[in-house]
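Participant: Sequence isn't available, so here's the structure alone:
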């Protein structure tokens, strides 16, 4: 799409009081975004538009000036912009009746990858939620033929854990944000956002100058669901954005999956509720997700990864790695028992493996594979 056509389409998204559904109605009646601005009186013929919105378009000089500035910002920073008329626009999202007319993208990722999985959850993630999220994504990545993309919202807790794990596994990841690309929320995730832009993308429907707001996070959640084949909630309370994302996913006829938790756990109540009400499939691991989605495991990649890994491990490290793989969360004294090595030797080997990014030390001196 040329810049002239793009400015009008971006301009439509900037008209105050118009959402994605209304914007599509307007384009259906006017025939083009340019007509919206050249013949604003046509808007009065559309139900739910009214004089106020038509008046805003009449004084469209400011709107189109802002659209021009947006295009200049995108070009200057080498960001991508995809409209609903572009072939690069994600086809899954295009199926949704409230899909945005325009997507702004920082980074480069295939928005139409074969396997798009949204992983979301509470901002107040527990060790259980984080460890489960990491394990599932790592196991999915180990058996994926490079066609998996993890989608989330860059929020604290489960979202950022999903992004970080994808990055560690060299899996592309998409962070859908609730603001323009000239800012970042939360600011503490700026370094992670840079990595995401290098190995995936930051995606938003909001132009520059848009600051994060509670209502915008709700709108953001529909894009997370719309981009994906399925939504996985690994940990969630009775209320929260993850459940809103699940509802959007259901309305888009997407699969919703939930990790069960103890009935006494505050941040598993939402997951349990989704399962209990038959809104989500109960899944416990990556194999459950593959079976549900009919995503066959790439045995060649799994074997290659294992062979590559074992080629750099010493026999003692290989023993430890295999014990941890078979029993995630194993204590150091149990490792000593199974490997028949001294505590000092095991501690030394584990430190080397941890620095190499192979294992992770959890609270209580428990270990899991990264």
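Facilitator: Perfect, I can see it now. None of the values given here were measured: they were computed from a predicted structure.
Participant: Can you pull the poorly scored residue ranges out of the stretch 251-370 of the chain?
Facilitator: Applying pLDDT under 70 to the stretch 251-370 of the chain flags the ranges 298-312, 370.
Participant: One more pass at 50, please.
Facilitator: The stretch 251-370 of the chain contains residues with pLDDT under 50 at 302-308, 310-311.
Participant: what about the strands in it?
Facilitator: Secondary structure of the stretch 251-370 of the chain (DSSP state E, counting those that start in this stretch): strands at 255-258, 281-282, 330-331, 359-362, 366-369.
Participant: buried stuff in the fourth one?
Facilitator: By that I understand strand 359-362. 359-360, 362 (16 or more other C-beta atoms under 10 Å). C-beta: built from backbone N, CA, C; applies to glycine.
Participant: and of those residues, the nearest to residue 326?
Facilitator: The shortest approach to residue 326 among these belongs to residue 359, at 13.2 Å (C-beta to C-beta).
Participant: Can you name the residues that contact that closest one?
Facilitator: 320-321, 324, 350, 353, 367-370 (C-beta atoms under 8 Å, 6 or more residues apart in numbering).
Participant: Among those, which pair sits farthest apart?
Facilitator: Longest span within these, C-beta to C-beta: 320 and 370, 13.4 Å.
Participant: Those two: which is more packed in?
Facilitator: The residue with more neighbours, out of residue 320 and residue 370, is residue 320; 27 against 17, by other C-beta atoms under 10 Å.
Participant: okay if I get the strands of the stretch 251-370 of the chain as a markdown table plus distance to residue 183?
Facilitator: Listed next are the strands of the stretch 251-370 of the chain as a markdown table, based on distance: least, C-beta to C-beta, whole Å:
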| stretch | distance to residue 183 |
| --- | --- |
| strand 255-258 | 31 |
| strand 281-282 | 36 |
| strand 330-331 | 43 |
| strand 359-362 | 32 |
| strand 366-369 | 35 |
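Participant: Of those strands, flag the one that's most buried.
Facilitator: Among the strands of the stretch 251-370 of the chain, the stretch with the highest mean neighbour count (mean count of other C-beta atoms under 10 Å) is strand 255-258, at a mean of 24.
Participant: strand partners of that one, parallel vs antiparallel please.
Facilitator: strand 230-235 (parallel), strand 281-282 (parallel) (DSSP bridges).
Participant: if we look at the helix or strand harbouring residue 216, which residues are touching it?
Facilitator: Per DSSP states H and E: residue 216 is located in helix 214-227. Contact with helix 214-227 is made by 90, 92-93, 95-96, 98-100, 111, 116, 118, 120, 151-153, 174, 176-179, 203-206, 210, 231, 241, 244-246, 248-249, 252, 254, as judged by C-beta under 8 Å, 6+ apart.
Participant: buried residues in it?
Facilitator: Within helix 214-227, the residues scored as buried using 16+ other C-beta under 10 Å are 216-217, 219-227.
Participant: orientation of that helix relative to strand 230-235 in degrees?
Facilitator: Helix 214-227 and strand 230-235 are oriented at 130 degrees to each other (axes from the mean of the first three to the mean of the last three C-alpha atoms, to 10 degrees).
Participant: Show me how far stretch 203-217 is from its chain's centre.
Facilitator: Offset of stretch 203-217 from its chain centre (C-alpha atoms, centre = their mean, to the nearest Å): 16 Å.
Participant: how far does it stretch from start to finish?
Facilitator: Using C-alpha to C-alpha, to the nearest Å, the end-to-end distance of stretch 203-217 comes to 13 Å.
Participant: How about it, which residues are buried there?
Facilitator: Neighbour counts over stretch 203-217 (16+ other C-beta under 10 Å) mark 203-208, 210, 212, 216-217 as buried.
Participant: Please produce TSV containing these, extended by distance to residue 196, secondary structure and pLDDT.
Facilitator: Formatted as TSV, those follow (distance: C-beta to C-beta, whole Å; DSSP: H, G, I helix; E, B strand; the rest coil; pLDDT from 0 to 100):
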residue	distance to residue 196	secondary structure	pLDDT
203	10	strand	98
204	13	strand	98
205	17	coil	97
206	17	coil	97
207	20	coil	95
208	19	coil	95
210	19	coil	94
212	17	coil	92
216	19	helix	95
217	18	helix	95
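Participant: among the residues you listed, which two are most distant?
Facilitator: 208 and 217 (18.1 Å).
Participant: sorry, back to before: what's the closest of the strands of the stretch 251-370 of the chain to residue 167?
Facilitator: Of all the strands of the stretch 251-370 of the chain, strand 359-362 comes closest under C-beta to C-beta, at 14.5 Å.
Participant: Tell me which strands that closest one pairs with, and in which orientation.
Facilitator: Strand pairing for strand 359-362, determined by DSSP bridges: strand 366-369 (antiparallel).
Participant: show me where the stretch 251-370 of the chain has helices.
Facilitator: Counting by DSSP state H, counting those that start in this stretch, the stretch 251-370 of the chain has these helices, from start to end: 269-276, 286-293, 299-310, 315-326, 332-339, 343-355.
Participant: who touches the last one?
Facilitator: If I follow you right, that is helix 343-355. 314, 316-317, 320-321, 332-333, 335-336, 339, 341, 359-361, 367.
Participant: one more time with 6 Å
Facilitator: By C-beta atoms under 6 Å, 6 or more residues apart in numbering, the residues outside helix 343-355 that reach it are 316-317, 320, 335-336, 359, 361.
Participant: Also the fifth one?
Facilitator: Residues outside helix 332-339 that contact it (C-beta under 6 Å, 6+ apart) are 319, 323, 343, 346, 365.
Participant: any idea which of those residues is closest to residue 26?
Facilitator: Of all those, residue 365 has the smallest distance to residue 26: 61.1 Å, by C-beta to C-beta.
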